[in-house]
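Enquirer: Let's see this in three dimensions:
(2 chains)
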Amino acid sequence: MAEWRRTHNCGELRQEHAGQTVVLNGWANSYRAYPDQVFVDLRDRYGLTQIVLESDRAEMFAVAQEIRDEWVLSVRGKVRERLPNKHNPKLATGDIEVLAEELIVLNRCPTPPFEVMSIPLETGFGDPELAGEDLRLQYRYLDLRRPSLQRTVALRHRLNKVIRDYLDQERFLEVETPLLGRSTPEGARDYLVPSRVWQDEKTGKPFWYALPQSPQLYKQLLMVAGYDRYFQIARCLRDEDLRADRQPEFTQLDLEMSFVEQNDVLTLVERLIAEIFQKCAGATVPLPLPRLPYDKAMLQYGSDKPDLRINGMEIVEVSDWAGSTEFRVFKDVVATGGRVRAINMKGAVTKFTRKQLDDLTPFVQQYGAKGAAWIKVEADKFTSPIEKFIPASAQMELRGRVAAADGDVIVFVADKEGVVCQALGHLRAHYAGHVGAANYAPGNFQLAWVVDFPSFIWDDEEKRWVANHHPFTAPRDEDLAVLESDPAKVKAKAYDLVINGYEAGGGSIRIHSPEVQGRMFAMLGMSPEQARQRFGFLLDALKFGAPPHGGIALGLDRLAMILSGTANIRDVLAFPKNQKARDLMTGAPAPVDAKQLRELGL
RNA sequence: GGGGACGUAGCUCAAUUGGUUAGAGUACCGGACUGUCGAUCCGGUGGUUGCGGGUUCGAGUCCCGUCGUCCUCGCCA
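Expert: Now for the predicted structure:
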């Protein structure tokens, strides 16, 4: 058989190669057939090159006429400059073409279930008439041929490489930790793996491994072991319901450092982040990143991951004002310890119909609020269903409080504080684009650290304090004194990296003192025995000389989403699962043989 | 577990809001064409309107159930 292996790829030939004999391999991206000529655009990862096959080679030409989309071809031929006026500026290789002298069909392809690509790579990012996502997931290997997916796969590679290069330079060691571990009670549901070897003697049921929700425990053990700078690009698994930005298995950059305080971690990581944005998106991120206290984020933006691309539209506390109006809903909420807060949507009067204003109520009801009140601020009056409950003096005061000008729309939510935050936070994020308050231009990245998270949150159902982050997160030194007496006031040495409204990562300084760790477990309602049973090995390790340490985990899938400008996490994974955690290509999860189950005692 | 949207030709969509034989683009098949490049032109094949039931003289359209996909609340750090 003739030599068919490529000498060049489909994206690299230029005028300077004219006259050379080359061999190209690739997929037929499209074909255009004439009686005496067939044009084929040959595609690989690197680009498209036009092949011309002519009828003077009768045997070859007969085959060429059969070529259809996605056939795999090898073409030997001579590079030549295209005829005058026949250059194609849409193609990087558009100044040349390859006149085929020999054609080898490496593989035929049936008509694909959907059109892979009819548009040249360089002409646009969006693929027109993209087939349904479930169909594309079923034939993922075809979908992955599309340039936009090839770009994100390449981006993931680059992201990983930038991370490894940077952390290597910073003396970090990449260490792998087990996939098969022990289930721990806190946090998300585990994916479980039965043990064939270890079974309960009485029942014959297997014991279980758990797949890691994160390498959290291991990285702390590595710190105890003296590996003072560790990282891992680690797969994590959580058996919870999915969202557009969540997969059952996902990838974190997990890192941990010894002998550091919070600011050491933030400084090192934000330099890494700036490097990532520079090298993966060509974007310059100014350092240091803003540090935004959690309380301020919740008050102003109603979210612990605010989208800072939104200008203004900040939430204003008006509970005291609301209590002085005649509006019953406001008065009752304030009287029962709730909050009334407002957002001023600048210039929004002309942007909302009456119906759209009334639709604010069902919108906030998604988040548990009873409704949203609104006021149109016009020349010298308020227009609103609740206008009659607001005396003139209160109207004047409100204008000042929310800096209202004519043409603005003020929106209120009155409820328990948590509900108000969530409702107004989502309202702000949802309507910012509508009222033109946001700059969502591609390449606009707004990053910040959110710091000073509460250590504990009160679980109303279980009537106890639960760890906001996890039970190993260190409280701030100055809050240790009130750990037991006023837990609501205790802030943690915990931090989240927030980018464009996404939580891109989070971490904390860990407790390294067994004494403090004991107090923490006690606060969480865990007896020493229970704590020992659940985390005994870690508590033992901490006793054996644990250094002060802390770290962070960055969600690399989300980071890749942000860098590539997609809102769909499946776009940045080679082989994603769908929203019900199914792999539509392989059919997983699937039943297994009875024999396998018997061996496992199931 | 709850809420919402969607499901029509291989693919992407339409069908005047319950009315005759369900259309278009693309793909595919055949033909025409000496340079195309999202080729063009002519012709053709292709439909259990996701599935099951119901209402009606009549259902792609309305109702109930079910399956699937996406978004979302709960959940998840």
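
Enquirer: Please make it C-alpha for all contacts and neighbour counts, starting now.
Expert: OK.

Enquirer: excluding its backbone neighbours, what's nearest residue A:438?
Expert: Leaving aside its chain neighbours, residue A:438 sits nearest to residue A:310 (4.1 Å; criterion: C-alpha to C-alpha, 6 or more residues apart in numbering).

Enquirer: right, and that neighbour touches residue A:431 too?
Expert: No: taking contacts as C-alpha atoms under 8 Å, residue A:310 lies outside contact range of residue A:431: 10.0 Å.

Enquirer: quick revisit: give the burial count for the residue nearest to residue A:438, as a bare number.
Expert: Applying other C-alpha atoms under 10 Å, we find 22 other residues in the vicinity of residue A:310.

Enquirer: and it, what is it in contact with?
Expert: Remark: with contacts taken as C-alpha atoms under 8 Å, 6 or more residues apart in numbering, residue A:310 is in contact with A:429, A:432, A:437-439.

Enquirer: Kindly state the pLDDT recorded for residue A:237?
Expert: For residue A:237, the pLDDT comes out at 96.

Enquirer: do the same with the one 4 residues further on
Expert: For residue A:241, the pLDDT comes out at 95.

Enquirer: for the one 10 residues further on, same thing?
Expert: Note on residue A:251: pLDDT of 98.

Enquirer: Please name the residues that touch it.
Expert: A:233-236, A:555-557.

Enquirer: you'd agree it is in a strand?
Expert: Yes: counting by DSSP: H, G, I helix; E, B strand; the rest coil, residue A:251 is found in a strand.

Enquirer: How are the strands of the stretch 101-250 of chain A distributed by residue range?
Expert: Counting by DSSP state E, counting those that start in this stretch, the stretch 101-250 of chain A forms strands over residues A:173-174, A:192-199, A:206-210, A:229-237, A:249-258, given from the N-terminal end onward.

Enquirer: how far out from the middle of the chain is the second one?
Expert: What it means is strand A:192-199. If you compare the mean C-alpha spot of strand A:192-199 with that of the full chain, they lie 33 Å apart, counting by C-alpha atoms, centre = their mean, to the nearest Å.

Enquirer: Can you report phi and psi for the residue nearest to residue A:438?
Expert: Reported as degrees, to the nearest 10, the phi and psi values for residue A:310 are phi -90, psi 120.

Enquirer: Can I get stretch A:316-329 in CSV? Just the C-alpha atoms.
Expert: As requested, C-alpha coordinates have been extracted for stretch A:316-329 and formatted as CSV (Å, rounded to 0.1, in the frame of the first residue of the first chain):
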residue,chain,number,x,y,z
VAL,A,316,-30.3,49.4,50.1
GLU,A,317,-31.5,48.7,53.6
VAL,A,318,-34.8,50.6,54.2
SER,A,319,-36.4,48.7,57.0
ASP,A,320,-36.5,51.7,59.3
TRP,A,321,-38.0,53.8,56.6
ALA,A,322,-40.5,51.1,55.7
GLY,A,323,-41.7,50.9,59.3
SER,A,324,-42.8,54.5,59.0
THR,A,325,-45.0,54.0,56.0
GLU,A,326,-48.7,53.0,56.2
PHE,A,327,-48.1,49.9,54.1
ARG,A,328,-49.2,47.0,56.2
VAL,A,329,-46.9,44.4,54.6
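
Enquirer: buried residues in that stretch?
Expert: Of the residues in stretch A:316-329, those scored as buried under the neighbour-count criterion (16 or more other C-alpha atoms under 10 Å) are A:316-319, A:321-323, A:325-326, A:329.

Enquirer: Quick check: the farthest pair among the residues you listed?
Expert: Using C-alpha to C-alpha, the buried residues of stretch A:316-329 span at most 19.7 Å, a distance reached by A:316 and A:326.

Enquirer: Residue A:148: how many residues sit nearby?
Expert: Residues near residue A:148, counting by other C-alpha under 10 Å, number 19.

Enquirer: try residue A:594
Expert: Taking other C-alpha under 10 Å as the criterion, the count of residues near residue A:594 is 10.

Enquirer: Tell me the pLDDT of it.
Expert: Model confidence at residue A:594, given as pLDDT, is 94.

Enquirer: same check, this time on the one 4 residues further on
Expert: The pLDDT attached to residue A:598 in the predicted structure is 93.

Enquirer: sorry, back to before: would you mind checking which of the contacts of residue A:310 is nearest to residue A:387?
Expert: residue A:432 (24.6 Å).

Enquirer: List phi and psi for the residue lying closest to the closest one once chain neighbours are set aside.
Expert: Closest residue to residue A:432 apart from its sequence neighbours, by C-alpha to C-alpha, 6+ apart: residue A:438 at 5.4 Å. Phi and psi for residue A:438, reported as degrees, to the nearest 10, are phi -120, psi 150.

Enquirer: Based on its surroundings, how many neighbours for residue A:438?
Expert: For residue A:438, the tally of surrounding residues (other C-alpha under 10 Å) stands at 18.

Enquirer: show me the residues around it that make contact.
Expert: Contact analysis of residue A:438 by C-alpha under 8 Å, 6+ apart lists A:309-311, A:432.

Enquirer: Now which of these would you call buried?
Expert: Buried members of these, scored by 16+ other C-alpha under 10 Å, are A:309-310, A:432.

Enquirer: mind giving me JSON lines with the buried residues of stretch A:316-329 and columns for distance to residue A:110?
Expert: Rendered in JSON lines, the data for the buried residues of stretch A:316-329 read as follows (distance: C-alpha to C-alpha, whole Å):
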{"residue": "A:316", "distance to residue A:110": "61"}
{"residue": "A:317", "distance to residue A:110": "63"}
{"residue": "A:318", "distance to residue A:110": "66"}
{"residue": "A:319", "distance to residue A:110": "67"}
{"residue": "A:321", "distance to residue A:110": "70"}
{"residue": "A:322", "distance to residue A:110": "68"}
{"residue": "A:323", "distance to residue A:110": "71"}
{"residue": "A:325", "distance to residue A:110": "72"}
{"residue": "A:326", "distance to residue A:110": "73"}
{"residue": "A:329", "distance to residue A:110": "66"}
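
Enquirer: Of these, which belong to helices?
Expert: If you go by DSSP state H, those have A:319, A:321-323, A:329 in helices.

Enquirer: Out of those, which one has the lowest pLDDT?
Expert: At the low end of pLDDT for these is residue A:323, which has 86.

Enquirer: Surely it and residue A:337 touch.
Expert: No: using C-alpha under 8 Å as the test, residue A:323 is too far from residue A:337 to be in contact (11.0 Å).

Enquirer: helix, strand or coil for the nearest residue to residue A:101 once chain neighbours are set aside?
Expert: Ranked by C-alpha to C-alpha, 6+ apart and with sequence neighbours excluded, the top spatial neighbour of residue A:101 is residue A:77, at 4.8 Å. Using three-state DSSP as the criterion, the local structure at residue A:77 reads strand.
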